[in-house]
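J.: below: sequence and its predicted model.
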Amino acid sequence: MDLADLRIFRAVAREGGVTRAAERLHRVQSNVTTRVRQLEEELGVQLFIRSGKRLHLAPAGQVLLGYADRLLDLAQEARDAVQDFLGRLEQIAAR
C-alpha cells in the first residue's frame, strides 16, 4: 500500500464511485478500479459494498478511510515543511 493507493481509495470513497473519482484524479476508470481491487487483495478485505454503479464503504473501508486521511494529511504536512525549509535556505543564501 502506498500513498497513491490511498489517494485513489479516498477519492472513490468521497465520490461514491469510480467514474467520478477517475475524473477527479485525471485517471482512466480501469486504472482506478484495478488499484482499488489490488488494495482490497493486499489487505484481504472488501473495502466497498458495490450497489449498481455506486460504491459504499464497507466497515473495513470506514476504518481505512480514517487512516488514509491521516496519512495523506501527514504526507502533505511533510511536503509543506520541506518546502518551507527550502524557502528559508534560499532566503539565507540570498543575503
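T.: Yep, it's here. Residues are numbered from 1 along each chain as shown.
J.: I'd say V18 and R37 touch.
T.: No - between V18 and R37 there is no contact under CB atoms under 8 Å: 10.5 Å. Glycine gets a C-beta too; all of them are placed from N, C-alpha and C.
J.: give me the more crowded residue out of the two.
T.: Neighbour comparison, V18 and R37: the larger count goes to V18, with 25 against 12 (by other CB atoms under 10 Å).
J.: tell me how far A78 lies from T19.
T.: 31 Å (CB to CB, to the nearest Å).
J.: just T33 next, same as before
T.: Counting by CB to CB, the gap from T33 to T19 is 10 Å.
J.: and the helices in this structure?
T.: 3-15, 18-25, 29-43, 59-94 (DSSP state H).
J.: dump those helices into a markdown table; add mean pLDDT and distance to S51 as well.
T.: Formatted as a markdown table, those follow (pLDDT from 0 to 100; distance: least, CB to CB, whole Å):
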| stretch | mean pLDDT | distance to S51 |
| --- | --- | --- |
| helix 3-15 | 97 | 13 |
| helix 18-25 | 96 | 13 |
| helix 29-43 | 97 | 15 |
| helix 59-94 | 94 | 13 |
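J.: out of the ones you listed, nearest to K53?
T.: Closest approach to K53 among the helices of the chain (CB to CB): helix 18-25, 7.2 Å.
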